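# okay, sequence plus prediction incoming.
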Amino acid sequence: MIKTIGKLALIGFIAGLVLIAVMKVIQWVTGSPAYVLLFNFDYIPVVNTWEPVWLVGFMFHNITCIVSAVVLYFLLRPFGMEKQILPYVAVYSIGGGLLFSLTALSEQPPDFSDGEAWIWWTLAHAVFGWVVGGLIRRWI
């Protein structure tokens, strides 16, 4: 069990780095500000005062990715779906699409009504789900 959780944590971390890379490429190619959301925590009381902001944002992103990979694996396990890729893609796509609404709580871009940023954000989270599911299928 501990070994599995360790592997899942590594999978979440790797997939989180892939998500960063995908969002950065999208930003470079399209100019979409959605990349900023990966590290945004200014809507969370107390945490929004921690510094340095870049490091806290990076840690916040990675912890979120790790925890989500571990939790979703164990939520899917009773249904025998923990080694299927599609549930990860679906959950992270839908979840990511819904989390985009947190932009309404932030002063930072993108704007809540930025449909293009929402599409890129949601597609990048589908890639995150594909990486998580694919690595789980191979390593666990």
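Thanks, I have the structure now.
# can you pull out the helices in this protein?
Along the chain, counting by DSSP state H, helices occupy 2-30, 53-76, 85-99, 115-139.
# for these, give me a markdown table that also has mean neighbour count and mean pLDDT.
C-beta here means a position set from N, CA and C on the backbone, and glycine is covered the same way. Listed next are the helices of the chain as a markdown table, based on neighbours: other C-beta atoms under 10 Å; pLDDT from 0 to 100:
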| stretch | mean neighbour count | mean pLDDT |
| --- | --- | --- |
| helix 2-30 | 17 | 98 |
| helix 53-76 | 17 | 97 |
| helix 85-99 | 18 | 98 |
| helix 115-139 | 20 | 98 |
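# TSV for those, including distance to residue 108?
Output for the helices of the chain, formatted as TSV (distance: least, C-beta to C-beta, whole Å):
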stretch	distance to residue 108
helix 2-30	13
helix 53-76	10
helix 85-99	14
helix 115-139	12
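# just so I know, which of these lies nearest residue 41?
helix 53-76 (4.9 Å; C-beta to C-beta).
# so who does the nearest residue to residue 69 once chain neighbours are set aside touch?
Distances taken as C-beta to C-beta, 6 or more residues apart in numbering place residue 12 nearest to residue 69, at 3.2 Å, with adjacent residues excluded. By C-beta atoms under 8 Å, 6 or more residues apart in numbering, the contact set of residue 12 is 62, 65, 66, 67, 68, 69, 70, 132.
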